[in-house]
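> What would the 3D arrangement of this be:
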Amino acid sequence: MSASISGIPLVDLSLYTAGNQAEKQQFVADLGKAFVEVGFVGVVNHGIPSELVKEFYNQSKHFFAQPDEVKAKCEVKGLAGQRGYTSFGKEHAKQSNVGDLKEFFQIGQTVPSEHALGKDYPTNVAVAEQPNFLPTGLELYRAFEQSGTALLEAIAIFLGLEKDYFVPHITYGNSILRAIHYPPITSEPKSAIRAEEHEDINLITLLVGASADGLQVKGTANEWLDVKAVGDIIVINVGDMLQRLTNNKLKSTTHRVVNPPRELWHTDRLSIPFFLHPRGDMDLTCLDNCVAAGETPAYEPITAGGYLDERLREIGLKK
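Below is the predicted model of the structure:
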């Protein structure tokens, strides 16, 4: 099946990871242009095994089909949803108090027991009824990290930084793999949609194809563009941390997941994004080469950890 996408540009990561110098330079230019103008891009030949994605989809589908009391055993109080299960309607967009029509499960970073970051990262939650759920998720997590590192290398080059600029910040970074389930809609929603318009918190998000349509991206004229992918594509978007670091040069674009037409309310939707975060101590002060002479940076200095904490409170996961 040939790959295609509507609504956003499409690039081929293998041109960067395995191409000649001219192909690498073209990929960097195309990725940078997409992130400056749109904030979103589709990527083919991304290196994430389709069979691994399929297996985690199947594991996730089985998990969300379990009774609420089974899923509730995986919900850990006090972790702001950063590990394990978060029940339906708890998360909302920062500008809204109405819960999104979704539930989700999150898998986070693992580090060697003696590592200094060990105390900062909670233990991942195993699903007793599905012994392969967590191991499969962790394998997919590592595949996302590898592809994400290549993408951030290209972004660093585009920004005029050293190719490895992001590497020390994302090695054992605070990234999250999230399986999101949007259940069938059983009654008229009270102004809620599956995921209200929002921007992501992190550096970049990598999203493997969702099981149903619904993703929309806000265009330059404030119109909503449907993003529909065919074939083995991942959708990548800039997060607020990267927008902040680049003083708005790279664009963290507003997006949402809308409800299906009424005749499809009986269907559910499954989506698996990987939120690529740096370590909490990364300085998000605007890069000097993204601030024009005499211009004041658009944002005050803050660490990635401080910014994440602030945003988790805004979206209702942290009290």
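> use CA for all of it now, contacts and neighbours both
Noted.
> Which residue ranges of the stretch 201-319 of the chain form helices?
Ranges of helices within the stretch 201-319 of the chain are 240-245, 304-314, based on DSSP state H, counting those that start in this stretch.
> Can you tell me which of these is most buried?
Among the helices of the stretch 201-319 of the chain, ranked by average contacts under mean count of other C-alpha atoms under 10 Å, first place goes to helix 240-245 (a mean of 23).
> Adding mean pLDDT and distance to residue 198, write the helices of the stretch 201-319 of the chain out as CSV.
Formatted as CSV, those follow (pLDDT from 0 to 100; distance: least, C-alpha to C-alpha, whole Å):
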stretch, mean pLDDT, distance to residue 198
helix 240-245, 97, 10
helix 304-314, 91, 11
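> Check which helices and strands the longest helix anywhere in the chain sits against.
The longest helix of the chain (DSSP state H) is helix 133-158. When contacts are defined as 3 or more C-alpha pairs under 8 Å, 6 or more residues apart in numbering; DSSP states H and E, helix 133-158 packs onto helix 14-17, helix 21-37, helix 50-64, strand 103-108, strand 204-208, strand 269-276.
> Would you convert those into CSV that also reports distance to residue 145?
Putting these into CSV (distance: least, C-alpha to C-alpha, whole Å) gives the following:
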stretch, distance to residue 145
helix 14-17, 14
helix 21-37, 18
helix 50-64, 14
strand 103-108, 12
strand 204-208, 10
strand 269-276, 7
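> so which of the ones you listed comes closest to residue 143?
helix 50-64 (9.1 Å; C-alpha to C-alpha).
> Run through the neighbouring helices and strands of the closest one.
Where contact means 3+ C-alpha pairs under 8 Å, 6+ apart, helix 50-64 is packed against helix 133-158, strand 269-276.
> Which positions within stretch 150-160 qualify as buried?
For stretch 150-160, the neighbour count (16 or more other C-alpha atoms under 10 Å) marks 150-159 as buried.
> Over to stretch 254-269?
Of the residues in stretch 254-269, 254-260, 268-269 count as buried by neighbour count, 16+ other C-alpha under 10 Å.
> End to end on that stretch, go ahead and measure it.
Taking C-alpha to C-alpha, to the nearest Å, the first and last residues of stretch 254-269 lie 20 Å apart.
> Identify the residues contacting residue 5.
42, 227-230 (C-alpha atoms under 8 Å, 6 or more residues apart in numbering).
> Would you mind checking those for buried ones?
42, 227-229.
> got the phi/psi numbers for the residue lying closest to residue 269 once chain neighbours are set aside?
Distances taken as C-alpha to C-alpha, 6 or more residues apart in numbering put residue 182 closest to residue 269, at 4.9 Å, once the chain neighbours are dropped. Main-chain dihedrals, residue 182, degrees, to the nearest 10: phi -100, psi 100.
> okay but residue 182 is in contact with residue 102, surely?
Yes: with contacts counted by C-alpha atoms under 8 Å, residue 182 reaches residue 102, the gap being 4.5 Å.
> okay, now the residue lying closest to residue 233 once chain neighbours are set aside: neighbour count?
In space, and not counting its chain neighbours, residue 233 is closest to residue 44: 5.0 Å by C-alpha to C-alpha, 6+ apart. Residue 44 has 18 neighbours, counted by other C-alpha atoms under 10 Å.
> Confirm for me that residue 44 is in contact with residue 235.
No: contact between residue 44 and residue 235 fails when scored by C-alpha under 8 Å: they sit 9.2 Å apart.
> Having no further points to raise, I will conclude here.
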